[in-house]
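>>> turn this into a model:
(4 chains)
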There are 2 protein chains.
Amino acid sequence: MSRPPQQAPSVSTVAQAAGVSRQTVSNVLNAPHRVRPETRAKVEAVISELGYRPNRVARSLRTRSTHLIGYCVGGDNPLLDRFLHAMSTAAGERGYHLVLFTAPAGEAGLPAYQDLLARNTVDGFVLSETTVGDRRQQWLADQGVPFVAFGRSWTPPEAGSWVDVDGAAGTSAATEHLYEHGHRRIGFVGWPPGSGSGDDRLSGWRAACHRLGLDDRPAAHGENGIEHGRALTAELLAGPTPPTALVCVSDVMAVGALQASREAGTGLAVVGFDDSPIAALPGVDLTSVRQPVERIGRDVLRLLLDHLADPAHPRQRVLLKPSLVPRASSTNPTG
Amino acid sequence: MSRPPQQAPSVSTVAQAAGVSRQTVSNVLNAPHRVRPETRAKVEAVISELGYRPNRVARSLRTRSTHLIGYCVGGDNPLLDRFLHAMSTAAGERGYHLVLFTAPAGEAGLPAYQDLLARNTVDGFVLSETTVGDRRQQWLADQGVPFVAFGRSWTPPEAGSWVDVDGAAGTSAATEHLYEHGHRRIGFVGWPPGSGSGDDRLSGWRAACHRLGLDDRPAAHGENGIEHGRALTAELLAGPTPPTALVCVSDVMAVGALQASREAGTGLAVVGFDDSPIAALPGVDLTSVRQPVERIGRDVLRLLLDHLADPAHPRQRVLLKPSLVPRASSTNPTG
DNA sequence: ATATATTGTGCGACTAGGAGT
DNA sequence: CACTCCTAGTCGCACAATATA
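You can find the predicted model right below:
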């Protein structure tokens, strides 16, 4: 049954069996138009008979392209599983694969990127968890390394391509949604200033408030975390102009906000950001701004592969609109 | 600033710069004891000066080992991010990397595994989402492909090594925990029979009930999902012997159970399984059986790398004990 | 000159066997 | 015969230049 670990067939094996030269076999695979149809048919027959498949390693050595893409795991992205699946699928469709690695956050992780490159392990990178002052983009661009980021490079000059979600548009929509439900004092719970996407989301809320003519704009900022969200919200509720509704920078913060609202007995309306799995839970029912993660994954990979196929390909920036998923936390708040 | 994409140094480059032969450079890296200390020092100096790193592709071609491990993403594992991170870290420490790919579930996915192998893309695989009747293990074993599974092969004969969590021990502990809190009618909400880990968890609950002398053992089974968990629990609560406490096969089911309990106004005590992020949420506060995912990831990789280093290495089975994380859902149920 | 098939060469590392002390 | 080092050959593929019709 289980065949002994026999040597896998190579071009030579196939060539011999088909009565042609190695190169003809190679041509059948890489330049079929150069081969006479009858010859091609014969070679293809032998190929499928022997189950021959080109050795990727040998091909990589010759072509200097591994068809492998590096991705660093380690951040606490609540959407990681969906993102990885989307990228893997998109990569697989074009003969590429994702290679995972770990590295310290930010600049301290650069040696890991460099190592992967210097050893010819990957052709390029997908970045995520981009931050203000992130030096990875510039560094990679300087080295001429193909990469695409999920997330803008918040620090100009912008180097390389990226795909991102328009967070400001998301929080604007959230603010308008709350306005339409009758709220006039709409607050914000965010991250500490300087976080790029956090500031972006903050700005969307601010702009919408301005457009809508809302003056009282209670806001509080702190690290991500349910407990922080709870404490910040409690502060706002105890403040001089307590909000009746809250836009939150993340679902995690929003869950904390809901908790504070319950404790205070106020029917605070809350909107979160990410539409992570926790938002849909019964008893949470959190209205949230949904990021089109599958789309992001596909687009990130498309841009990268375009770039890989043609290094002169112009850089691209793709800004995707998020969508609001309404649930009870904003339309029918309890507490 | 940005150097032109100059050719990366190779053994020859280093050899020339150090005034030795290519082979001596290779020896310095792979068999230092064969090189005179002074020569070694000189070569090492040149290596670090030029920033030379061996090309993995060339090495792979020669040694027939890519130091890459395949892992199929696609299931709905709520612990995927932790698992991937743990494996990536463990792999990186020994010079390996994880390669992601997608494939249809079960046997239909085998061509994807075969393709990765035939093209020499990976040295072996990590399997997860193992099921009853899963033919991947036997198939891989027949081909002599190194692999380790997260999850037992539920169908004998067991082929290959695996690491798994003792689900029965987890549900036993959960049952005893509920017993200690005064409950005598402890039910179970599970998956449809035939799911391996589901049956395992069921058996632990059953055994514990038997040991504790509990006769009434209301149980219900259905697909995973909050809504299913809710419906199944509602059935049990409306049945002839309504439970006062419930052991659930997953956190998702448990959340549904809590919902049903609230709706029925009974203070049902509930324990879930996985300790996924939702368990710790305020308002959920779900007691849950925690899987040591980081440990599993590390162990899976350790077994696989041992096997890779020595194909004659005996197969191993590692069964890890889960731990109970008590929260309010069991100690202070509301509803 | 066109279409097709063939040989030679090198990608960058490792393995084997031989030469010099 | 150790110890150290080197030359030659190999992995599987693809690019280039060449041969045959």
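>>> for the stretch 1-150 of chain A, what lies in contact range of DNA strand C?
A:20-24, A:27, A:33-36, A:38-40, A:61-62, A:64 (C-beta under 7 Å from any atom of the strand). (Each C-beta comes from the backbone N, C-alpha and C, glycine too.)
>>> now for these: which two are most distant?
Farthest-apart pair in those is A:38 and A:64; separation 34.0 Å (C-beta to C-beta).
>>> those two: who's more crowded?
Taking neighbours as other C-beta atoms under 10 Å in any protein chain shown, residue A:38 and residue A:64 compare with residue A:64 leading, 11 against 8.
>>> in what helix or strand does residue A:198 lie?
helix A:197-212 (DSSP states H and E).
>>> gap between that helix and the chain center?
Taking C-alpha atoms, centre = their mean, to the nearest Å, one finds the center of helix A:197-212 at 22 Å from the center of the full chain.
>>> so what touches that helix?
Applying C-beta atoms under 8 Å, 6 or more residues apart in numbering or on different chains, the set of residues contacting helix A:197-212 from outside is A:151, A:166-176, A:179, A:186, A:188, A:190-193, A:217, A:219, A:247, A:249, A:273.
>>> all strands for the stretch 1-150 of chain A, in order.
Applying DSSP state E, counting those that start in this stretch to the stretch 1-150 of chain A gives strands spanning A:68-72, A:97-101, A:124-127, A:147-150.
>>> returning to what we had before: which of the residues of the stretch 1-150 of chain A next to DNA strand C lies closest to residue B:98?
Nearest to residue B:98, judged by C-beta to C-beta, of those is residue A:61 at 22.0 Å.
>>> hmm, back to that, just name the most buried of the strands of the stretch 1-150 of chain A.
strand A:147-150 (a mean of 26; mean count of other C-beta atoms under 10 Å in any protein chain shown).
>>> and the next element down the chain from that strand?
strand A:161-165.
>>> thinking again about what came up before, same list (the strands of the stretch 1-150 of chain A) but as CSV, adding mean pLDDT.
Listed next are the strands of the stretch 1-150 of chain A as CSV, based on pLDDT from 0 to 100:
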stretch, mean pLDDT
strand A:68-72, 98
strand A:97-101, 98
strand A:124-127, 97
strand A:147-150, 96
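>>> would you tell me which of those gets closest to residue B:99?
Across the strands of the stretch 1-150 of chain A, closest to residue B:99 is strand A:97-101 (C-beta to C-beta), at 5.0 Å.
>>> name the residues that touch that closest one?
If you take C-beta under 8 Å, 6+ apart as the criterion, strand A:97-101 is touched by A:67-73, A:84, A:87-88, A:91, A:112, A:116, A:121-122, A:126, B:68, B:84, B:88, B:92, B:97-101, B:121.
>>> for the stretch 201-335 of chain A, give me the ranges with low pLDDT.
Applying pLDDT under 70 to the stretch 201-335 of chain A flags residues A:335.
>>> using the three-state scheme, assign the residue of it found nearest DNA strand C.
Going by C-beta to the nearest atom of the strand, DNA strand C is nearest to residue A:311 of the stretch 201-335 of chain A, at 17.7 Å. Judged by DSSP: H, G, I helix; E, B strand; the rest coil, the three-state class of residue A:311 is coil.
>>> list the contacts for the closest residue to it other than its chain neighbours?
Nearest non-adjacent residue to residue A:311, counting by C-beta to C-beta, 6 or more residues apart in numbering or on different chains: residue A:146, 7.1 Å away. Residue A:146 sits next to A:123-125, A:304, A:307-308, A:311 when contact means C-beta under 8 Å, 6+ apart.
>>> of those, which pair is most distant in space?
A:125 and A:311 (14.7 Å).
>>> which positions within stretch A:100-116 qualify as buried?
For stretch A:100-116, a neighbour-count test (16 or more other C-beta atoms under 10 Å in any protein chain shown) marks A:100-103, A:109, A:112-114, A:116 as buried.
>>> please enumerate the helices of the stretch 1-150 of chain A.
A:11-18, A:22-30, A:37-50, A:56-63, A:80-93, A:110-118, A:136-143 (DSSP state H, counting those that start in this stretch).
>>> now the angle from the fifth one to strand B:97-101?
Compare the direction of helix A:80-93 with that of strand B:97-101 by axes from the mean of the first three to the mean of the last three C-alpha atoms, to 10 degrees and you get 80 degrees.
>>> averaged pLDDT, helix A:80-93. What do you get?
Helix A:80-93 shows a mean pLDDT of 96.
>>> got the CA coordinates for that helix in CSV?
Extracted in CSV, the C-alpha atoms of helix A:80-93 (Å, rounded to 0.1, in the frame of the first residue of the first chain):
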residue,chain,number,x,y,z
LEU,A,80,-7.3,38.3,12.9
ASP,A,81,-9.0,35.0,11.9
ARG,A,82,-11.1,36.6,9.2
PHE,A,83,-8.2,38.6,7.9
LEU,A,84,-5.9,35.7,7.7
HIS,A,85,-8.4,33.5,6.0
ALA,A,86,-9.2,36.2,3.4
MET,A,87,-5.5,36.7,2.6
SER,A,88,-4.7,33.0,2.5
THR,A,89,-7.5,32.4,0.0
ALA,A,90,-6.5,35.4,-2.2
ALA,A,91,-2.9,34.3,-2.1
GLY,A,92,-3.7,30.7,-2.9
GLU,A,93,-5.6,31.7,-5.9
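>>> thought residue A:282 was touching residue B:255?
Yes - Residue A:282 is within contact range of residue B:255, at 7.0 Å (criterion: C-beta atoms under 8 Å).
>>> who has more neighbours out of these two?
residue B:255 (28 against 18).
>>> who touches the more buried one in this structure?
Neighbours of residue B:255 in contact, by C-beta under 8 Å, 6+ apart: A:281-282, B:226, B:229, B:272, B:278, B:284, B:286.
>>> also residue A:162?
Applying C-beta under 8 Å, 6+ apart, the residues contacting residue A:162 are A:130, A:148-153, A:317-318.
>>> ok, so of those, who is nearest DNA strand D?
Distance to DNA strand D across these (C-beta to the nearest atom of the strand) is lowest for residue A:148, with 24.2 Å.
>>> now do the contacts for that closest one.
Counted by C-beta under 8 Å, 6+ apart, residue A:148 has contacts A:124-127, A:160-163, A:300-301, A:303-304, A:307.
>>> got TSV for the residues you listed, with distance to residue B:209 too?
As requested, those are exported to TSV (distance: C-beta to C-beta, whole Å):
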residue	distance to residue B:209
A:124	56
A:125	53
A:126	50
A:127	52
A:160	60
A:161	59
A:162	56
A:163	53
A:300	50
A:301	50
A:303	56
A:304	55
A:307	60
